[in-house]
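Asks: What shape does this take:
(one chain, ligands or ions: 1)
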Amino acid sequence: MKEHLKHVKNYQPGKPLEELQREYGIRHAIKLASNENALGPSPKAVAAGRRALKGVHRYPDGGCFYLRRKLARFLKVAPKTLVFGNGSDEILVMATRAFAGPDDEVLIADPTFLIYEIAATVERARVIKVPMRSFRYDLEAMRRRLSGRTKVVFIANPDNPVGTYIPEKELVAFLKAVPAGAIVVLDEAYYEFAKDSAGYPDSLKLLKNYKNLIVTRTFSKAYGLSGLRVGYGVADPSVIAALNKVREPFNVNLVAQAAALAALDDKAHLRRTLRAVADGRKFLSRELKRLGFEVVDTVTNFMLVRVKRDAKDVYEKLLRKGVIVRSMAAWGLGDFIRVTIGKPAENRKFIKALTEVVSRQKSVDRSREK
Ligand SMILES: Cc1ncc(COP(=O)(O)O)c(C=O)c1O
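Replies: Residues are numbered from 1 along each chain as shown. Next up is the predicted model:
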């Protein structure tokens with residue numbers, strides 16, 4: 001292995017649901033750990049994917065011709081400003097590979113999506129982490145860390161795991177300060193959930209003035225196609241050309257392309273998804289506060305919750321009750337969990353399980369005090 005790869009942190013995926021159920025002897029577990037669409041994929045996307053399966057003896061279209069054409073119309077951008085990835089993850093990796101090398105600097109927030117640091121370390125770039133302030137990007141501080149060495153800046157808007165967003169005014173002030181030689185990746189994986197929030201940036205419009213900007217979005221979240229892996233980036237054609245240099249030729253599979261095309265058409269499914277998330281967010285936020293927890297104000301389909309006790313322990317205990325969330329210990333947030341907003345029954349099950357975990361803990365504490 002190359003020496004520097006020893007410093008690369010491995011992304012820790014959760015165990016498969018079936019495996020956890022077997023290991024813990026539980027049934028009907030619910031997974032609220034990976035910010036997926038609780039309602040499932042659009043039935044139209046599933047039908048299109050199934051039809052496409054008949055053609056999988058052929059390679060996929062490496063240029064994503066039909067998806068490109070449709071998405072370009074949908075977003076009102078030129079087809080040549082689009083690039084597709086095996087999930088938007090792959091575009092983040094391609095951006096790092098194309099623009100950052102040994103000893104270059106990659107600027108990120110802390111906490112943020114773990115892939116940014118992993119991708120930068122693989123390229124032997126130096127990762128500069130700027131702590132958030134009250135779970136919001138500290139763009140003033142990030143600005144001070146910009147230098148001639150900065151090659152890539154990652155901004156997740158909204159951010160994972162915190163769920164908050166940067167309004168357009170603040171974002172533009174920051175973009176103005178970024179040297180032209182540095183690329184800004186604006187990761188909008190949760191765009192559909194956040195877009196109607198007050199002051200949320202119209203990022204595609206910003207592309208006209210900022211040629212060093214890449215906006216990434218995905219079919220994994222609101223469109224419910226995480227398992228198929230398809231995401232996209234929008235940028236100036238010169239930037240797209242650089243990304244294409246490092247792109248695998250057949251990186252988006254044939255079933256994913258067909259399903260994504262159909263998912264774009266299923267506006268009713270998207271509406272249902274957004275409504276379920278908005279309702280679930282209200283319910284969870286109210287219930288979690290009632291239980292005495294701090295909840296970070298989110299515009300996404302997940303929530304960062306300060307459980308005020310060891311997050312790994314809470315995670316374990318919830319797991320035994322058949323509820324899978326994410327402990328935030330790996331992000332350095334030892335008393336926080338992140339929970340994905342589920343279907344109403346799932347949200348209720350989570351609250352019930354958490355209430356039991358907490359009240360048990362309280363009675364243990366009380367008996368210790370005696
Ligand atoms: C902030 C952020 N960006 C990007 C992604 C990657 O999503 P995908 O590769 O499925 O498009 C995620 C997934 O969790 C995310 O939270």
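
Asks: Leaving out chain neighbours, which residue sits closest to residue 355?
Replies: residue 291 (6.3 Å; C-beta to C-beta, 6 or more residues apart in numbering). Placement of C-beta: from N, CA and C, glycine included.

Asks: pretty sure that neighbour is in contact with residue 359, am I right?
Replies: No - using C-beta atoms under 8 Å, residue 291 makes no contact with residue 359, being 9.5 Å away.

Asks: Give me the more crowded residue out of the two.
Replies: More neighbours surround residue 291 than the other of residue 291 and residue 359, with 15 against 11 (other C-beta atoms under 10 Å).

Asks: what about that one, distance to the ligand?
Replies: From residue 291 over to the ligand the distance is 26 Å, taken as C-beta to the nearest ligand atom, to the nearest Å.

Asks: ok, that residue - contacts?
Replies: 351, 354-355, 358 (C-beta atoms under 8 Å, 6 or more residues apart in numbering).

Asks: try 7 Å
Replies: 354-355, 358 (C-beta atoms under 7 Å, 6 or more residues apart in numbering).

Asks: ditto for residue 354
Replies: Residue 354 sits next to 291, 318 when contact means C-beta under 7 Å, 6+ apart.

Asks: any idea which helix or strand carries it?
Replies: Using DSSP states H and E, residue 354 sits in helix 344-369.

Asks: what comes up buried for that helix?
Replies: 346-347, 349-351, 353-354, 357-358, 361 (16 or more other C-beta atoms under 10 Å).

Asks: Let me see the ranges of the strands in the stretch 1-150 of the chain.
Replies: Under the criterion DSSP state E, counting those that start in this stretch, the stretch 1-150 of the chain contains strands at 30-31, 82-85, 105-110, 126-131, 150-156.

Asks: Reformat these as TSV; add mean neighbour count.
Replies: Output for those, formatted as TSV (neighbours: other C-beta atoms under 10 Å):
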stretch	mean neighbour count
strand 30-31	20
strand 82-85	24
strand 105-110	22
strand 126-131	16
strand 150-156	25
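
Asks: one step back: now the contacts of residue 291 in JSON lines, with distance to the ligand and pLDDT?
Replies: Output for the contacts of residue 291, formatted as JSON lines (distance: C-beta to the nearest ligand atom, whole Å; pLDDT from 0 to 100):
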{"residue": "354", "distance to the ligand": "22", "pLDDT": "97"}
{"residue": "355", "distance to the ligand": "28", "pLDDT": "96"}
{"residue": "358", "distance to the ligand": "27", "pLDDT": "89"}
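
Asks: Pick out whichever of the residues you listed sits closest to residue 203.
Replies: residue 354 (35.4 Å; C-beta to C-beta).

Asks: Beta-bridge partners for the nearest residue to residue 17 once chain neighbours are set aside, please?
Replies: Of all residues not flanking residue 17 in the chain, residue 31 sits nearest, at 5.5 Å (C-beta to C-beta, 6+ apart). Note on residue 31: beta-bridge partners by DSSP bridges are residue 324.

Asks: now the helix or strand hosting residue 279 against helix 344-369, angle please.
Replies: Take DSSP H and E as the rule and residue 279 turns out to sit in helix 267-290. Relative orientation of helix 267-290 versus helix 344-369 (axes from the mean of the first three to the mean of the last three C-alpha atoms, to 10 degrees): 20 degrees.

Asks: Contact partners for the closest residue to residue 248 other than its chain neighbours?
Replies: Sequence neighbours aside, residue 86 is the residue nearest to residue 248 in space, at 7.8 Å (criterion: C-beta to C-beta, 6+ apart). With contacts defined as C-beta under 7 Å, 6+ apart, residue 86 is in contact with 229, 251-252.

Asks: Let's have those in TSV, adding distance to the ligand, pLDDT and neighbour count.
Replies: Below are the contacts of residue 86 laid out as TSV (distance: C-beta to the nearest ligand atom, whole Å; pLDDT from 0 to 100; neighbours: other C-beta atoms under 10 Å):
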residue	distance to the ligand	pLDDT	neighbour count
229	7	98	20
251	12	98	20
252	11	98	27
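
Asks: re earlier: ok, the residue nearest to residue 17 to the ligand distance?
Replies: 13 Å.

Asks: Please tell me I have it right and that residue contacts residue 325.
Replies: No - Residue 31 is beyond contact range of residue 325, at 8.9 Å (criterion: C-beta atoms under 7 Å).

Asks: Run a quick neighbour tally on residue 50.
Replies: Residue 50: 12 neighbours (other C-beta under 10 Å).

Asks: Then residue 48?
Replies: Look at residue 48: counted by other C-beta under 10 Å, it has 20 neighbours.

Asks: Helices of the stretch 1-150 of the chain, start to end?
Replies: For the stretch 1-150 of the chain, the helices defined by DSSP state H, counting those that start in this stretch occupy 17-24, 43-53, 65-75, 88-99, 115-122, 139-144.

Asks: Residue of the stretch 1-150 of the chain nearest the ligand, please.
Replies: Across the stretch 1-150 of the chain, the shortest distance to the ligand (C-beta to the nearest ligand atom) belongs to residue 87, at 2.7 Å.
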